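Chemist: With the sequence up front, the predicted model follows.
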Amino acid sequence: MSGRRSPFHPFQQLSRSDWMTEPFMDAFDRSEKATAPSAAIDGLRIRSIRETKRLTQLYVANVVGVTTDTISRWENNRYPSIKRENAQKLADALEVPLDEILRQEPAANHPGPERSAAPAPSSIPDKRVLLFSGMGAVLLLVVVLFFARNPVSDPAAVRWAPRYAAPGEVIPVQVKVARRPGEPFGFILKEKLPPGMRLVSSLPPSSAADSSGSEVKWLIPSGSTPVTISYSLRTPVHRYQDKDTRLKGEIVLRGAAASRTEAIGGSSDIVVGAYHWADANGDGRIDDDEIMPAYYVCDEMKGLGLDWKTIEAIWTGKGYRWDAKNGYTVLK
């Protein structure tokens, strides 16, 4: 969300962020291509479904376990065929059957004319091919062993929170919990608010809050449909000026067989300063790329204290200025 914003050695201990960089994952995807089943996806259909359901690329990326750039490439048919496992995760994130996002027309196979192979002038190229093939096999084995020992699972709950906010203002937060047909479960969602922040309202209403108001809980009964918990917060007036403050939360999953607790994924850090929450990159204006996500959030969170009129006024103007005395001033 922030506009002010990670070589490989097989024996080096790497963090998950090192392994998940886009160049490495692209190479890994290519090495798996021969064995992993693939699916031909319809990028335009994916974009249409996501926008109709008012889901952000960030939310879909978090659920699938890829970057927003990857979601953008899929929607623009940069990668018309992807691993079937990722296609299924994408369909789950969009809350539709897998068939809904697959290309309907069969892909035509037009093999080129057969050509007779010319004899190799020497054995050197063959040795190079064998060498690089062996290195690729070793690399793939190291990757498989790493993920076998360090399994990566998608978070059950993913939070969206604005990157920026002004002191004493009301801001939105949403937590989406993915549940699939045939796998029902209930859950308890707990959010620990930073010192000075207070809950304004929520949908569904919160089930409990501690006496200090710093922890809020929701109890959601068993079911198999996705759930979105939306709530608004008032930021502290005199704290965290231009410093990160962090939301922390966990979800307690209660299934038929067992229960488990895991941290909420997604965004958590908020900079409180002279910003509007809809200004996703903190550049002092709300542009065309920022107005639609803000509209969707405000529409989903009607009655929770968000000020859409101010957002629309800033968008139609040349920007805004904020100060403690006057609040937001629209620049004409």
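Modeler: Received, thanks. Residues are numbered from 1 along each chain as shown.
Chemist: C-alpha from now on. contacts and neighbour counts both.
Modeler: OK.
Chemist: Quickly note the distance from Trp315 to Pro293.
Modeler: Counting by CA to CA, to the nearest Å, the gap from Trp315 to Pro293 is 13 Å.
Chemist: who's more crowded, the two?
Modeler: Under the criterion of other CA atoms under 10 Å, the comparison of Trp315 against Pro293 puts Trp315 first, with 21 against 17.
Chemist: so the more buried one, which of the three states?
Modeler: Secondary structure state of Trp315, per DSSP: H, G, I helix; E, B strand; the rest coil, is helix.
Chemist: what secondary structure does the residue lying closest to it once chain neighbours are set aside sit in?
Modeler: Closest residue to Trp315 apart from its sequence neighbours, by CA to CA, 6 or more residues apart in numbering: Ile286 at 5.0 Å. Assigned by three-state DSSP, the conformation of Ile286 is coil.
Chemist: what number of residues lie near Ile286?
Modeler: Count around Ile286 with other CA under 10 Å applied: 26.
Chemist: again with Ser212
Modeler: A count of nearby residues for Ser212, using other CA under 10 Å, gives 9.
Chemist: can you check Tyr59 too?
Modeler: If you count neighbours by other CA under 10 Å, Tyr59 ends up with 20.
Chemist: Just confirm it contacts Trp160, I think it does.
Modeler: Yes. Tyr59 is within contact range of Trp160, at 7.3 Å (criterion: CA atoms under 8 Å).
Chemist: Next, the contact list for the closest residue to Trp277 other than its chain neighbours, please.
Modeler: Leaving aside its sequence neighbours, Trp277 sits nearest to Ala165 (CA to CA, 6+ apart; 4.6 Å). Each residue near Ala165 by CA atoms under 8 Å, 6 or more residues apart in numbering is listed here: 171, 235, 270-277.
Chemist: what about 7 Å?
Modeler: Residues counted as contacts of Ala165 (CA atoms under 7 Å, 6 or more residues apart in numbering) are 171, 270-273, 275-277.
Chemist: the helices in this structure, which residues?
Modeler: Remark: helices assigned in the chain by DSSP state H are 16-19, 22-32, 43-52, 57-64, 68-75, 84-94, 124-149, 288-300, 308-316.
Chemist: Mean pLDDT lowest where, among those?
Modeler: With a mean of 40, helix 16-19 has the lowest mean pLDDT of those.
Chemist: contacting residues around Ser48?
Modeler: With CA under 7 Å, 6+ apart, Ser48 has no contacts at all.
Chemist: what separates it from Asp279, distance-wise?
Modeler: Relative to Asp279, Ser48 is positioned 24 Å away (CA to CA).
Chemist: Leu44 too?
Modeler: Plainly put, Leu44 is 27 Å away from Asp279 if you go by CA to CA.
Chemist: pLDDT weak spots in the stretch 101-250 of the chain?
Modeler: For the stretch 101-250 of the chain, applying pLDDT under 70 flags the ranges 105-154, 211, 239-242.
Chemist: If anything else comes up later, I'll come back, but that's it for now.
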